[in-house]
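K.L.:
Attaching a predicted model along with its sequence, questions to come.
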Amino acid sequence: MHALKSVAGAAGLGMIGFYLGLGFVAVLRAMLGYPDAWGGEINIVGGYVLGVIGWLMGIGMWGTWSREWFGLKTYQRQAPGWQRYFTFNTDHKVIGIQYLVTFVVVFLLAGTIALGMRLELASSGMQFISHSQYNGAMGLHGILMIAVAVASVIGGTGNYAVPLMIGADDMAFPRLNALTFWLIPPVAVALLATPFLGGIETGWTAYPPLSTTTNSSQILFDLAIITFGLTSILGGLNFLITIIFMRAPGMTWGRLPIFVWSMFVTSWLALLYTQGFAVALLMIMLDRVAGMAFFNAEAGGDPLLYQHVFWFYSHPAVYIMVIPGFGIALEVISHFSRKPLFAYRYAVGAFLGILGLSGVVWAHHMFTSGMPNYLHGPFLVATELISIPTGLVFLSALGTIWMGKLWLQTPMLFAMAVIFNFACGGVTGIFLADVPTDIHLHDTYFVVAHFHYTIVGGEIFALFAGIYYWFPKMTGRMYNETLAKLHFWWMFIGFNLTFFTMHLPGVKGMNRRVADFPESLDNLNMLVSISGWLLGLSFLVFIYNMINAWIRGPVAESNPWRARTLEWQVSSPPPHENFPEQPVIKGHPYDYGVPGSVHGVFPNAIASAPAAGTAGGGQ
Amino acid sequence: MRTAAAAEWGATARSFSLAGQGAQVLHVRHLITAGLLWVVLTAVGELLVIADLYPTVGSHEAQDFDDIFRFLLLLGVPVMTFVFAVLIYAGLQFRIRTAVPAEDGPAMRGHGWFPRAWLAVTGCLAIFVMIYPGLTGLAELQQGDRGASGWGDQDAEVIIKASAFKWQWLFEYPDGTQVSVAAGKELVLPNETSIKFEINAIDVVHSLWIPAFRMKIDAIPGRTTYVTVKPNKLGDYASDQAYRVQCAELCGLDHAAMMFPIRVVEPGEFQSWLASLNQGGN
Amino acid sequence: MAVVAPTETYHAVHDHLKLNRAGLWLFFFSECVLFGLLLSARFFLEGIERGELDQLLGLGITIILLLSSVTAFTAETAIEHDNRKLANWGLIATIALGVLFTGGVAYEWSIAHFHRNEAFGTLFFTMTGIHASHVVSGIGILVLVWVQFLRGRYSSKDHWPLAGAVMYWHFVDVVWVFFYPALYLVK
Ligand code: HEA
Ligand code: HEA
Ligand code: CUA
Ligand SMILES: [Cu+2]
């Protein structure tokens, strides 16, 4: 069993590295004369670092990459069939699927935790779990879901589709790409280990001084998220270079599919801002393990420093989450409306506008933080300005479906739901951006409802649109449309019931991150909990449909959606090199309804089976 | 396989100004029906504006908040319902009933006046909300700003010092009387009096929030923040749970339980309560 | 419009040098944010106050680091002209100066008049520490490159690893150009 050997071997090396690291630091500490050689969190840091290195070397980085640094010949393990998903594989299609499956599993896990939280929150008083267990569960749900939101669409559908859509044979740095994926398992392990060290007590935001004084799970959180940030940065870098330099001949910026544009903008966000999260958590780590005083007010530090640095990343991060979602939604809407993407240039401008503005709005999360008064005005203004570019995305989506020939297959339903849900999530954002209302609403369930509407409604729905849309391409099989539609309506209704209702306890005075609340909010919370469970159960349909279709679904055509972009002009699944020959781009990808228009051609197509000659000539 | 009809459709219908009398009439009919749907949805949605969504109005600030919140609803609901109306209408009217699409839609690209108009309308809307209630409300909240961080007037009739620690509050009245879970167990405030809380934190970041007053400001180690409120209605925690000081910033284990009851009384009664508490040996 | 010549089997051709170079630049952009945030934190917490530092030492290590950039540049241009001897000495000098710089920082740490549990100390140790960790990894990379060089792997046609390492070295240098005044010269 190649797969087992690969993963188990790497895990073994990782473990060895971990204990070596622990011991190594202990020896160092003993030599430097510290009384408790084993006692510090610095030991965990050492263990984690060596553990990750061991894991990476074991999984195949040594052979495919590191040997080169020492002037040795590199080699790659070749595992057959499905087993290649468990090795250090550099094919972007394999990596995309690795990402998708991993993060769907993490999503289900974190969702299950949320259902547990809703159980406790169904009524006031403490029923099932203690305050500390609730906090741990809440923090874990939050950070796992943030990871899902940041990485699933980018790493999954982005990795899979972007090189195909721009006519490239792979990403610019395939080995780097594999590295970013294989750094994820240590992140997951570290985060899932936090309950054993006391549980994340600080929510996903990890504000100090709480996070500098809480239990040691914080150190795992820091290490995991810094690693995770590294994968974001390297992934973003890879996408940028790929999109800038590896487009097929004729693929001008004006002809770039909108999903690729969204990935381009997102990659800039990830590349530039993710360092903020790393720096913030690094400061916490230094305060904890090195006794520094960044956030210790008595020694001249300032807790607000953390909040600034943290939100400097974490606001752009919400656009890292949602822009690829918009990209998928617009992409799907155009193909399934059989119409050119309406106001394409405005949509691209919208993404660029969001990119420009997202770096100057962070302090809207700090309106009640006690920051100096003169900061509120500018940040209020900048935040509300951002609704103008975001509105252009709606212009594009609504203009495209208007008078279209809407083919309401599951991907299209999900894409339309993205627009529907985000309208609500965006408008509630305006309530929060207005300081006079935010003073009451900050840290209430109104905020929780807002961000579930934007992240789940905007991005996770888009993720599912993407999964259904590219499923036939990825697996070569077709899912069951009836079950998929059932999943959609069930999820759509469950989602809106749960999270629309959630605004109400927020306004009424329920703060977030509590396991217990005033009894006067019982009814509303019961309603939210019941609908939350309804929502959760819808995923059983999804899981069944996916697994069943992957194993024994009917074989899919190369272009089941009659779409024009390049990935649909090759077989399902595509060959290893993606294209039988270099495609050449002749026209806009969305020119539906324009007679004779083509997007891409294979100029020398002799016998290449599908789409002989013209790629994407429309129907 | 492109059908002949589809090719023709594509050829004739290039831009937004759909060619042909019939198509134009049809388009106008679509616009009117979708517009009607928008109006209906908005009418339903605006019920939220008159709905009672709020906790008890316990202070003048709370009144302001509710007004602003309602105003934003008034503006926000039509934006939302516009999107909903187009999506629902398009989903019902423009969907194809065949198994696979047989023809393409008109090649409207959105080069004309429409995107610009959209930009103008949303731009004006955004700038409008930004100024009123945003910046104007902010200016009111920060009036008399003298460099301190907080909300409201800095000259108040009663100044109460509040210290937050894990996981409770300690309040100190101007005469030195202290209330906490150990002493008094209740924060009594005089009605129709401006009260300023001066807030600091001993250990980690907490936040002082009173739902009935709609006011909130964090308590941070190392600096003092303040918030001024003016209650306008008698009430107490026992009969209305919005009358409570609630910690609103995650502060660890017992964050959820970091709550302190409030009672708002007439100013005269307040004085005698203060006196009685002092005699009680606290 | 470019038309691809017919090929038997399709293999995309990419200018990997260009990709690598651009990738490294993007990595620098990202790192700029890291260092920029540290700089901002420094002014956020302490304004333009600073602790007592050995000015002579600071100036000395700054000059050493700047010199090392010159030698690194020399090594790169030398290999471009296939001047292996000069390239060798350039690399050795760069590594040596790098080590010297690190030693200087370590010495500065040992004689510091402030402790890491007060604001300026926190900032000073963090900023110099993170910068020094970049210097150390730069030295590591240079050593790997040097070993490869000794084995004769680079020539004027193919020396990307060396060029990349030198680019990185310059970048770390430029960062110090901003850190040095922020730590030593303000007030
Ligand atoms: C995908 C994620 C995502 C997205 C896209 C957004 C988008 C926005 N968010 Fe949200 N937000 C979060 C995720 C997201 N947010 C999260 C996770 C938190 C909480 C973090 C935590 O504390 O844990 C949060 C918290 C948060 C706060 C802090 C609340 C608090 O804690 O007190 C604020 C305040 O300003 C805010 C505002 C906004 C605004 C103005 C937008 C805008 O971008 C929205 C713009 C969109 C529209 C306005 C709708 C479409 C526009 C039109 C149809 C045009 C016409 C409309 C107008 C002109 C108004 N968000
Ligand atoms: C991608 C982002 C994302 C997603 C998808 C979700 C999904 C959900 N969230 Fe999440 N949530 C966050 C991001 C997200 N959340 C964040 C960032 C926070 C803030 C944390 C903080 O404050 O620090 C938060 C906080 C948060 C809270 C507030 C906690 C508090 O403040 O005390 C609540 C409360 O109801 C909640 C509920 C839910 C529910 C019911 C879902 C539902 O959508 C879940 C749906 C259910 C499933 C997906 C499970 C399906 C599983 C099965 C059917 C079983 C099959 C199982 C296997 C095969 C293993 N979330
Ligand atoms: Cu104190 Cu939460
Ligand atoms: Cu934000």
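P.N.:
Now that the structure is in, tell me what you want to look at. On a predicted model such as this, the values are computed, not experimentally measured, just so you know. Ligands and ions are numbered 1, 2, ... in the order given.
K.L.:
hang on, B:Ser207 in a strand?
P.N.:
Yes - checked against DSSP: H, G, I helix; E, B strand; the rest coil, B:Ser207 lies within a strand.
K.L.:
contacting residues for the residue in chain C positioned nearest to chain A?
P.N.:
Distances between chain C and chain A by C-beta to the nearest C-beta are smallest at C:Ala119, namely 3.0 Å. The C-beta positions use only the backbone N, C-alpha and C, and glycine is treated the same way. The neighbours of C:Ala119, taking C-beta atoms under 8 Å, 6 or more residues apart in numbering or on different chains as the test, are A:293, A:299-301, C:45-46.
K.L.:
10 Å - rerun?
P.N.:
A:292-294, A:296-297, A:299-302, C:42, C:45-46, C:49, C:51 (C-beta atoms under 10 Å, 6 or more residues apart in numbering or on different chains).
K.L.:
Repeat that for A:Trp65.
P.N.:
Counting by C-beta under 10 Å, 6+ apart, A:Trp65 makes contact with A:56-57, A:74, A:76, A:88, A:90, A:175-176, A:178-179.
K.L.:
redo that, cut-off 6 Å
P.N.:
Contact analysis of A:Trp65 by C-beta atoms under 6 Å, 6 or more residues apart in numbering or on different chains lists A:Arg175.
K.L.:
what does A:Phe420 give?
P.N.:
By C-beta under 6 Å, 6+ apart, the contact set of A:Phe420 is B:Leu87.
K.L.:
returning to that earlier point: how far away is the residue of chain C closest to chain A from ligand 1?
P.N.:
Distance, C:Ala119 to ligand 1, using C-beta to the nearest ligand atom, to the nearest Å: 27 Å.
K.L.:
so where is chain B shaky, pLDDT-wise?
P.N.:
Applying pLDDT under 70 to chain B picks out residues B:1-20, B:144-145, B:280-282.
K.L.:
Where does it get nearest to chain A, which residue?
P.N.:
Closest point on chain B to chain A, by C-beta to the nearest C-beta, is B:Gly222, at 2.5 Å.
K.L.:
so that residue touches A:Glu298, yeah?
P.N.:
No - counting by C-beta atoms under 6 Å, B:Gly222 stays clear of A:Glu298, with 7.2 Å between them.
K.L.:
Comparing these two, which residue is more hemmed in?
P.N.:
B:Gly222 (17 against 10; other C-beta atoms under 10 Å in any protein chain shown).
K.L.:
quick one: the residue of chain B closest to chain A is in a strand?
P.N.:
No - counting by three-state DSSP, B:Gly222 falls outside a strand, being coil.
K.L.:
Now do the contacts for it.
P.N.:
A:Ala297.
K.L.:
Which residue ranges of the chain form strands?
P.N.:
Chain wasn't specified; assuming chain A. For chain A, the strands defined by DSSP state E cover A:584-585, A:600-601, A:614-615.
K.L.:
please go with chain B instead
P.N.:
Using DSSP E, strands in chain B cover B:149-151, B:158-165, B:168-172, B:178-180, B:187-190, B:195-201, B:206-210, B:215-219, B:225-229, B:235-236, B:244-247, B:259-265.
K.L.:
domains of the chain?
P.N.:
Using chain A here. Using automatic domain parsing, the domains assigned to chain A come out as A:2-70, A:90-552.
K.L.:
meant chain B actually
P.N.:
Split by automatic domain parsing, chain B gives B:2-96+B:111-142, B:150-279.
K.L.:
most tightly surrounded among the ones you listed?
P.N.:
Among the domains of chain B, domain B:150-279 has the highest mean neighbour count (mean count of other C-beta atoms under 10 Å in any protein chain shown), at a mean of 20.
K.L.:
Measure how far that domain is from the centre of its chain, please.
P.N.:
Its chain's C-alpha centre and that of domain B:150-279 lie 22 Å apart, by C-alpha atoms, centre = their mean, to the nearest Å.
K.L.:
Quote the end-to-end distance of that domain.
P.N.:
34 Å (C-alpha to C-alpha, to the nearest Å).
K.L.:
residues near A:Gln78, how many?
P.N.:
10.
K.L.:
likewise A:Thr252?
P.N.:
A count of nearby residues for A:Thr252, using other C-beta under 10 Å, gives 10.
K.L.:
Tell me who's in contact with the residue lying closest to it once chain neighbours are set aside.
P.N.:
Nearest residue to A:Thr252, sequence neighbours excluded (C-beta to C-beta, 6 or more residues apart in numbering or on different chains): A:Ile585, at 7.7 Å. For A:Ile585, the contacting residues are A:248, A:250-251, A:255, A:600, by C-beta under 6 Å, 6+ apart.
K.L.:
what's the closest of these to ligand 1?
P.N.:
Distance to ligand 1, by C-beta to the nearest ligand atom, is smallest for A:Arg255 among these, at 26.9 Å.
K.L.:
quick one on the thing from earlier: let's have the strands of chain B in a markdown table, adding distance to B:Gly105.
P.N.:
What follows is these, written out as a markdown table (distance: least, C-beta to C-beta, whole Å):
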| stretch | distance to B:Gly105 |
| --- | --- |
| strand B:149-151 | 52 |
| strand B:158-165 | 60 |
| strand B:168-172 | 62 |
| strand B:178-180 | 68 |
| strand B:187-190 | 63 |
| strand B:195-201 | 59 |
| strand B:206-210 | 51 |
| strand B:215-219 | 50 |
| strand B:225-229 | 56 |
| strand B:235-236 | 59 |
| strand B:244-247 | 53 |
| strand B:259-265 | 57 |
